[in-house]
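Student: just need the structure, nothing else, for what follows:
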Amino acid sequence: MKTSSFIIFFSIVFTIYGLVNFYIFKRVWPGLTDTGIYRQLFLYSFLFLVLAYPIGRLAENLFRNVFTDFLVIVGSVYLGIMVYAFLLILVIDIFRLLNLLFSIFPAFLTRHPQKTARLVTLYGLLLVLLIVFFGYLNTLFLRVRTFPIDIQKSANGLKELNLVMVSDVHLGTVIRSGRLEKVVNRINALQPDVVLIPGDIVDEDVNSVAEQNMARILQKIKTIYGVYATSGNHEYFAGVEAVINYMRQGGITVLQDSVVKVADAFYVAGRKDLMAERLADGRKSPDWILREVDKSLPIIMMDHQPYHLEVARQNGVDLQLSGHTHHGQLFPFHYITRMVYDLSWGYQKVENTHYYVSCGVGTWGPPIRTSSFPEIVQLKIRFKDSQ
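Tutor: Model prediction:
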């Protein structure tokens, strides 16, 4: 990662993080007046939770042990608590402003303001914790989504293809080897012909993945034609070359602005992630990647971030697979991803090109999902000869 980009990016992130937590503290602290030891308990707990994630991430770059893992995991959970505490307080403050303007609150809320503040603080905390708890439970249950797809090209006698896709696994300190075992077992139960992983296999650091020997688990994926992947933005945060080397140890063919012909029947192409333009040596366009491809055969392309979907169609790609969006991961952020991307989650067909954008099988940051669920995607592809 370029040093200047690194400094600018994390300066913005830590500034926002600090301001959000300052706002939460400033609004919760008065509501704990006259609560004795509970107020002090909140102060120390709040400081610990706010500092846990940044200290844990910084410390694991110097030394990694059970304590740094604990800080990162606790801090990751707090990120979810922080989001919903911030949103709830913001909603409350909007109503307080409306009350100042229009006196909309009933008398029993304004008669004893300190008592009301304590009750709102207590019930607000319980509500936030319930949302986070059920959001965590949602991440534990893998769903398989199956879609039939007809590609109007012959595949040299191959009639059907059972393609399984997983994206945004985010392996590391939070998404650990036990979770990966469950994902691999679920993939194998689908008896895939080929498995494609369009980016964000690793979260922040490949060392945590290597220490848990996750390559051994990845090697257990059983297919006829192999496992192929391309980079996501987190591969660049983690060190893209180190990640690629490790994925190869796991039996994965990593395609970086490259294409392979599979079984003399179809092509699989992989684009470098868009982050390569900012943090590395750039990336090639699809027309360059596919310049020597026989476009009479089916072409499947992985491109992590689903920007400019029309480019795949313009270059004769039959199926594009993407991830990255997580469909917001946390409500209500899926409304933002819907505005940013042409397709935030799911299947779409435009002319002869099929698209699937996965919300991912793992999580980034908080191990919580409230706007989507962890998915493994099974695409039952039929080629022209079988239709």
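Student: residues contacting Lys261?
Tutor: Neighbouring residues of Lys261 by CB atoms under 8 Å, 6 or more residues apart in numbering: 267, 297. Where you see a C-beta, it was placed from the backbone N, CA and C, and this is true even at glycine.
Student: please name the bridge partners of it.
Tutor: Counting by DSSP bridges, Lys261 is bridged to Tyr267.
Student: now do the strands in the chain.
Tutor: Here the chain has its strands, by DSSP state E, at 143-150, 160-165, 194-198, 227-230, 252-254, 258-262, 266-270, 299-302, 319-322, 346-350, 353-357, 375-382.
Student: I'd like those as a markdown table, with mean pLDDT appended.
Tutor: Formatted as a markdown table, the strands of the chain follow (pLDDT from 0 to 100):
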| stretch | mean pLDDT |
| --- | --- |
| strand 143-150 | 98 |
| strand 160-165 | 98 |
| strand 194-198 | 98 |
| strand 227-230 | 98 |
| strand 252-254 | 98 |
| strand 258-262 | 98 |
| strand 266-270 | 98 |
| strand 299-302 | 98 |
| strand 319-322 | 98 |
| strand 346-350 | 97 |
| strand 353-357 | 98 |
| strand 375-382 | 98 |
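Student: among the ones you listed, which is nearest Gly328?
Tutor: strand 353-357 (12.3 Å; CB to CB).
Student: that closest one: how far from the chain's middle?
Tutor: 18 Å (CA atoms, centre = their mean, to the nearest Å).
Student: and the angle from that strand to strand 375-382?
Tutor: 160 degrees (axes from the mean of the first three to the mean of the last three CA atoms, to 10 degrees).
Student: export strand 353-357 to CSV, keeping only CA atoms.
Tutor: Presented in CSV, the C-alpha positions along strand 353-357 are these (Å, rounded to 0.1, in the frame of the first residue of the first chain):
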residue,chain,number,x,y,z
THR,A,353,-25.1,-11.2,-20.1
HIS,A,354,-25.9,-12.6,-16.7
TYR,A,355,-24.7,-11.0,-13.5
TYR,A,356,-24.7,-12.2,-9.9
VAL,A,357,-23.5,-9.9,-7.1
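Student: burial of Leu58, as a residue count?
Tutor: Neighbours of Leu58 under the rule other CB atoms under 10 Å: 11.
Student: check the gap between it and Val243 for me.
Tutor: The spacing between Leu58 and Val243, counted by CB to CB, to the nearest Å, is 20 Å.
Student: about what we covered before: can you redo the strands of the chain as a markdown table with distance to Gly282?
Tutor: Formatted as a markdown table, the strands of the chain follow (distance: least, CB to CB, whole Å):
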| stretch | distance to Gly282 |
| --- | --- |
| strand 143-150 | 32 |
| strand 160-165 | 26 |
| strand 194-198 | 19 |
| strand 227-230 | 15 |
| strand 252-254 | 17 |
| strand 258-262 | 15 |
| strand 266-270 | 15 |
| strand 299-302 | 18 |
| strand 319-322 | 19 |
| strand 346-350 | 27 |
| strand 353-357 | 24 |
| strand 375-382 | 29 |
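Student: looking at these, which is nearest to Asn185?
Tutor: Nearest to Asn185 among the strands of the chain is strand 375-382 (10.7 Å), distances taken as CB to CB.
Student: tell me the buried residues in that closest one?
Tutor: Across strand 375-382, burial judged by 16 or more other CB atoms under 10 Å covers 375-379, 381-382.
Student: now render those as CSV, adding distance to Ala269.
Tutor: Formatted as CSV, the buried residues of strand 375-382 follow (distance: CB to CB, whole Å):
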residue, distance to Ala269
Glu375, 23
Ile376, 22
Val377, 18
Gln378, 21
Leu379, 16
Ile381, 16
Arg382, 21
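Student: got a pLDDT number for the nearest residue to Arg39 once chain neighbours are set aside?
Tutor: Leaving out its chain neighbours, the residue that sits closest to Arg39 by CB to CB, 6 or more residues apart in numbering is Leu32, at 4.3 Å. For Leu32, the model assigns a pLDDT of 91.
Student: what does Ser4 give?
Tutor: Here the pLDDT value assigned to Ser4 is 68.
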